[in-house]
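[1] Turn this into a structure:
(chains A and B)
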Amino acid sequence: MFLYVFTGLIVLAIVLGADWPKIRNSFFQWEVIRDMLPEVLTIGAKNTLLYTALAFAFGLVLALALALMRRSDFAPYRLFSLVYIELFRAIPALVTIILVGLGLPLAFGWSIPFGTAGKGMIGLGVVAAAYMAETIRAGIEAVPRGQMEAARSLGMSRGRAMTYIILPQAFRIIIPPLTNELVLLIKDTSLLFVIGTTPLSKELTKFARDFMTTSRNATPLTVAAIVYVIITLPMTYVVRRLEKRAGAGR
Amino acid sequence: MTAVTPVISIHGLHKYFGELEVLRGVDIDVRSGEVVCVIGPSGSGKSTLLRCVNLLEMPTAGTVVIEGIDMTDPETDVDAVRTRIGMVFQQFNLFPHLDVMGNLTIAQQKVLDRGQDEANEVATRMLERVGLEDKADEYPSRLSGGQQQRVAIARSLCMDPDMMLFDEPTSALDPELIGEVLDVMRGLAGDGMTMLVVTHEMGFAQHVADRVVFMDEGLIVEDGPPSQVLLNPRHERTQRFLRAVEHD
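    Purely as a prediction, here's the structure:
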């Protein structure tokens, strides 16, 4: 009871004390919102989704390879995978992105094609793979040993047993943590501004930030935040549905 | 291959798990059509022996020869030989992400390269054989333990194996479900399937087995017809084990 009263008083103090016209003016200016449409969606949101999808797809394939190498009988594969995972989890994502986007061209005079999309896919994917590899490995290890034994006793090679028996079960198990990786990745696309963008390749955050300089107002940030929420919420919802459906098959 | 060549021929089999010697020199032959039951206290190495037959465990020393093929030879295509050796596990080990039909067809398609239609046809026939033709579309989690084990037997049969290994197939089952699994196994034996069965079901061993093997501490203590090993055991250790089992 006390907690309700106490919290209520604090909320009341904020509501009464805040400078509402100023807040509205800085963060919720309708004219600014109107000016941002529709480009905030057709450029900003579109690019955010595009970079996320590319990096996730690339990262997932790489992560699967790393997870399998991590469990290989061949020691050098295990070592490589271990070093890769520890290295890219230790380095800030921003550093890796700069390395991929700016470091490689400087060093070799060659840069990854397809502009921000290509560099973003590799830069973010390389980092995401390190995290997802550990998730996939945990998923594989969560499948009971008897599954591999049953598959092998039917004459399946290790690779076939992995492909048709172990991995399908492992991926069902790791849908929730993988979604988490995906949501983190959506937000990490905001780091891609460091490798430079063209007007058409800006993602949400960069788009909003640049709009702030022209509008001299913080409203674009509010808009970007809302769009991020709109992108992320359905994703968690869809995954919850998927989880339920996967649960039915277990 | 002549009739006298054993289907399974094991000689001088040793198996260590780290420091622990689980099998200490086992010799056993199983001839075509023979049903051999392996009994003995837990920890005697029965399951390990069975798992060495299809190389789920790699023997530390000794030879395992299946239909004339040396399994421990590095040149041997173990996967190919395994398709001829059906194996049934204590914990069933059905694939939970596939329905019964999927469980029965996946290895047929991916290993034997059978088409969908042929695989389905074989699966249906084997489901009928274990009396579960109406469960083709169920997922394993919706079946009773006895039904799951019968599906597991059918899954092995779909590969047209020459022999079947059973690793305590009824030990994880509720008592009232044991009978249906033993009935299926009895039927298989009647059809002439070569079977090596690790079991605690003394009734099954007595009435179905051609030979009973008693193991203790990694060695075969007694090997002979059920009438001898179960009813007139020569060794004191066998007698003690059987007395203990009867008092259950």
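
[2] helices or strands up against the helix ranked longest in chain B?
    Using DSSP state H to define each element, chain B has its longest helix at helix B:175-190. Judged by 3 or more Cβ pairs under 8 Å, 6 or more residues apart in numbering or on different chains; DSSP states H and E, helix B:175-190 is in contact with helix B:145-157, strand B:194-198, helix B:202-208. To be clear about C-beta, it is placed using only N, CA and C from the backbone, and glycine gets the same treatment.

[3] and with 6 Å instead?
    Applying 3 or more Cβ pairs under 6 Å, 6 or more residues apart in numbering or on different chains; DSSP states H and E, we find helix B:175-190 packed against helix B:145-157, helix B:202-208.

[4] for these, which one ends up most surrounded?
    helix B:145-157 (a mean of 25; mean count of other Cβ atoms under 10 Å in any protein chain shown).

[5] List just the one of the helices and strands packed on helix B:175-190 that sits closest to A:Ile140.
    Nearest of the helices and strands packed on helix B:175-190 to A:Ile140, taken as Cβ to Cβ: helix B:145-157 at 22.3 Å.

[6] what's the angle from the helix or strand that the closest one is followed by to strand B:194-198?
    Proceeding C-terminally, helix B:145-157 gives way to strand B:163-167 as the next helix or strand, assigned by DSSP states H and E. Strand B:163-167 and strand B:194-198 are oriented at 10 degrees to each other (axes from the mean of the first three to the mean of the last three Cα atoms, to 10 degrees).

[7] Strands along chain B, start to end?
    B:8-17, B:20-30, B:35-39, B:61-66, B:69-70, B:85-88, B:163-167, B:194-198, B:211-216, B:219-224 (DSSP state E).

[8] what's near enough to touch A:Thr48?
    A:Thr189, A:Glu203, A:Leu204 (Cβ atoms under 6 Å, 6 or more residues apart in numbering or on different chains).

[9] List just the nearest of these to A:Thr52.
    Nearest to A:Thr52 among the contacts of A:Thr48 is A:Thr189, at 5.6 Å by Cβ to Cβ.

[10] That closest one contacts A:Glu203, correct?
    Yes: assessed by Cβ atoms under 6 Å, A:Thr189 is found in contact with A:Glu203 at 5.1 Å.

[11] Neighbour count for these two, which is higher?
    Legend: neighbour count by other Cβ atoms under 10 Å in any protein chain shown for A:Thr189 and A:Glu203, higher for A:Glu203 (27 against 24).

[12] any idea how far that one lies from chain B?
    36 Å (Cβ to the nearest Cβ, to the nearest Å).

[13] Could you pull up phi and psi at that residue?
    The phi and psi values for A:Glu203, taken as degrees, to the nearest 10, are phi -90, psi -180.

[14] mind listing what it touches?
    A:Glu203 neighbours (Cβ under 6 Å, 6+ apart): A:Asn47, A:Thr48, A:Tyr51, A:Thr189.

[15] okay, now B:Pro225: neighbour count?
    There are 12 residues near B:Pro225, going by other Cβ under 10 Å.

[16] Also the one 5 residues further on?
    Residue crowding around B:Leu230 was assessed by other Cβ under 10 Å; the count is 22.

[17] where do the contact lists of A:Thr189 and A:Glu203 overlap?
    A:Thr48, A:Tyr51.

[18] count of residues packed around residue 7?
    The chain I'm using is chain A. 10.

[19] oops, chain B please
    Using other Cβ under 10 Å, B:Val7 has 21 neighbouring residues.

[20] give me phi/psi at it?
    Torsion angles at B:Val7 (phi, psi; degrees, to the nearest 10) stand at phi -70, psi -40.

[21] Now do the buried residues in the longest helix of chain B.
    For helix B:175-190, a neighbour-count test (16 or more other Cβ atoms under 10 Å in any protein chain shown) marks B:Leu177, B:Ile178, B:Glu180, B:Val181, B:Leu182, B:Val184, B:Met185, B:Leu188, B:Ala189 as buried.

[22] Just confirm A:Leu191 is within a helix.
    Yes: per DSSP: H, G, I helix; E, B strand; the rest coil, A:Leu191 lies within a helix segment.

[23] And A:Val11, how close does it get to B:His11?
    82 Å (Cβ to Cβ, to the nearest Å).

[24] Please say which of those two ends up with more neighbours.
    B:His11 (13 against 10).

[25] Setting the sequence-adjacent residues aside, check what's closest to B:His14.
    Excluding its sequence neighbours, the residue lying closest to B:His14 (Cβ to Cβ, 6 or more residues apart in numbering or on different chains) is B:Ala61, at 4.2 Å.

[26] Compute the number of surrounding residues for that neighbour.
    Using other Cβ under 10 Å, the number of residues around B:Ala61 comes to 12.

[27] measure it to chain A for me?
    Distance, B:Ala61 to chain A, by Cβ to the nearest Cβ: 21 Å.

[28] Spell out which residues of chain B are next to chain A.
    Applying Cβ under 6 Å from any Cβ of the partner chain, we find that chain B lies next to chain A at B:54, B:56, B:79, B:82-83, B:87, B:91, B:93, B:95-97, B:106-107, B:110-111, B:139, B:141.

[29] One more pass at 8 Å, please.
    Applying Cβ under 8 Å from any Cβ of the partner chain, we find that chain B lies next to chain A at B:54, B:56, B:79-80, B:82-83, B:85-87, B:89, B:91, B:93-97, B:106-107, B:110-112, B:139, B:141, B:152, B:155-156, B:159.
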